[in-house]
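> what's the 3D shape of this:
(2 chains)
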Amino acid sequence: MMSKHAIANRTVLIVALIFFALPASAQGPRGEEKEPLVFQSEQQEARFKDLTLELRCLVCQNQNLADSDAPLAQQLRGEIFDMLQDGKTDREITGFMVDRYGDFVLYSPPVQGNTLALWAMPIVLLLIGAIGVFFTVRNRSRKLAAVRQKENT
Amino acid sequence: MIGRFLPVIIFVALGLLLAAGLRIADHKSEIPSPLIGKPLPPFELPVLGQPERVLTNEDLVGQPFLLNVWASWCPTCRIEHPFIADLAESGELRVIGFNYKDELNDAQAWLARFGDPYDITLQDYSGRYAIDLGVYAAPESFLVDADGTIIFKQIGAVTPEIIEQEILPRIRK
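Numbers count the residues shown, from 1 in each chain, chains lettered A, B, ... in the order given. Predicted structure coming up:
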């Protein structure tokens, strides 16, 4: 049992922890000016959204460019916006990113030698599971058959 | 029969997977640069503090150099700075500074305080050229050979081990 005193202490600690649980801001340079992007068309805006969702932020590597607030992500969004204005195709824009940061920036990397394991793994795991289910079901039905045979004799 | 060994097999496989994960865990944020083996992207940048003096690739080719990306807002740059200074002082390799997204006053104060080992420091105020270089954090360092080809990239602090094992052997051969 905890004394009243201990509970009070604990409450203070929890409240303090909540207060200090501020987002850990990554070290980085000053942010870019935030100006609303004005697109030429809805279609262009949709392409911008798709591209920034598919490209990874290099600073916060588990975020995409659309979600990240890192200065580099802001700047790269600006670059993508400029390329769209210049009439570049989606392929040219993702190519621009891959040339600089490698396949890692793509959330769906191309199927090639070093990504084969990544792409094949779901199928392999599914097969292993299917084999497991097959043997379990077969064993059970055999046991069931054996028990029924005993009951019948 | 196989059922008896299955848990052992799964255990060993899982163990191997986790061991592999541990091995890459320290380096998983380091993204291999696609620029290795490629020429240094064309640039046109002013020298820090001398906006009228603009340099391009031609000004740097002819001998190998280390392009060290740093900024006054970058704590890790301060950690590697003495090693960069030692390397520059040894005279074995030309060291070029690359001031990344920094205010001029802050950058100059930083150099005044911690020393300026750089042959020249280029200023990339907007960080636009750094995108061409694939820079995503500081510090980063690019080893460029005499032809202007990037032959090695260090992401994070340069250490004496990195200098001895990765940088100098590549230019001594």
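
> Would you mind writing the CA trace of stretch A:60-73 as PDB?
Taking C-alpha atoms only, stretch A:60-73 is exported to PDB below (Å, rounded to 0.1, in the frame of the first residue of the first chain):
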ATOM      1  CA  CYS A  60      12.900  13.300 -39.500                       C
ATOM      2  CA  GLN A  61      13.200  10.100 -41.400                       C
ATOM      3  CA  ASN A  62       9.900   8.600 -40.300                       C
ATOM      4  CA  GLN A  63       8.000  11.500 -41.700                       C
ATOM      5  CA  ASN A  64       7.200  12.400 -45.200                       C
ATOM      6  CA  LEU A  65       7.800  15.800 -46.700                       C
ATOM      7  CA  ALA A  66       4.200  16.700 -46.400                       C
ATOM      8  CA  ASP A  67       4.000  16.200 -42.700                       C
ATOM      9  CA  SER A  68       7.500  17.400 -41.600                       C
ATOM     10  CA  ASP A  69       8.100  20.800 -40.200                       C
ATOM     11  CA  ALA A  70      11.900  20.500 -40.400                       C
ATOM     12  CA  PRO A  71      13.500  23.500 -42.200                       C
ATOM     13  CA  LEU A  72      15.000  21.200 -44.900                       C
ATOM     14  CA  ALA A  73      11.500  19.600 -45.500                       C
END
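
> A:E92 contacts A:D86, correct?
No. With contact defined as Cβ atoms under 8 Å, A:E92 does not reach A:D86; the gap is 9.3 Å. C-beta coordinates here come from the backbone N, C-alpha and C atoms, glycine included.

> Okay, the most centrally placed residue in chain A and chain B: tell me how far apart.
In chain A, the centroid-proximal residue (Cα atoms, centre = their mean) is A:N62; its distance is 5.7 Å. Distance of A:N62 to chain B, computed by Cβ to the nearest Cβ, to the nearest Å: 10 Å.

> can you count the residues close to the residue nearest to B:Q108 when sequence neighbours are not counted?
Spatial nearest neighbour of B:Q108, chain neighbours left out: B:G49 (6.1 Å); criterion: Cβ to Cβ, 6 or more residues apart in numbering or on different chains. If you count neighbours by other Cβ atoms under 10 Å in any protein chain shown, B:G49 ends up with 13.
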